[in-house]
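Novice: Make a model of this:
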Amino acid sequence: MAKKGRLSNKEREQKKEYAKIIFLQEKNITIKDLAERVGVSVNTLSEWMKVEKWEGLKRNILLTRQEQLVQMQDELAELNAFIQRNEKGYRFADFKTAQIRNQLVKNIKDLETKALLPEIINALTQFLDFVRTENLEDAQLLADYTDSFIKSKL
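Specialist: Next up, the predicted model:
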């Protein structure tokens, strides 16, 4: 059952990120099961899904992490080339261009580091499915540890 009471902003963001990752990775999880697993109400989870358009994200996951990384690196290279086309002495980013460049660099870094978590979750989920066929009790114990491990990475 979901924990009652208010969550801190940090707790809420961690739970939201964890729920999103599970939602995007596990094909047949129900909203109720996901809410219980994450420790929030079904209403809270539904609101997150609606506001952040998780269904759309699930459809867009067709682009691999590597493809997304290459696209962003190409954008960054093009942006830097654009800056270098300026006259000597004016080869620097204006405020808007600097913001775009900073966001691209941040997104690339996030993709290189944080994007590994869904891959880890996918591997752990497959492992748990395998263990579940061998020994249900062991699978439950490992699922508890797996959930704790994933939460610690958020």
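Novice: Centre-most residue in this structure?
Specialist: Residue closest to the mean C-alpha point of the chain, counted by Cα atoms, centre = their mean, is Ile21 at 5.3 Å.
Novice: and that one, what is it in contact with?
Specialist: Applying Cβ atoms under 8 Å, 6 or more residues apart in numbering, one finds that Ile21 lies in contact with 117-118, 121, 150. All C-beta atoms are positioned from the backbone trio N, CA, C, and that covers glycine.
Novice: What about Met34, how many residues nearby?
Specialist: Wrong residue type there; residue 34 is Leu, not Met. 19 (other Cβ atoms under 10 Å).
Novice: can you list contacts of the strand or helix carrying it?
Specialist: Using DSSP states H and E, Leu34 maps to helix 31-38. The contact list for helix 31-38 (Cβ under 8 Å, 6+ apart) reads 1-2, 15, 18-19, 22-23, 29, 41-42, 44-46, 49, 147.
Novice: May I see the buried residues of that helix?
Specialist: For helix 31-38, the neighbour count (16 or more other Cβ atoms under 10 Å) marks 34-35, 37-38 as buried.
Novice: same deal with stretch 66-81?
Specialist: Those would be 69, 72, 76, 79, for stretch 66-81 by 16+ other Cβ under 10 Å.
Novice: One more: stretch 143-150?
Specialist: 143, 146-147, 150.
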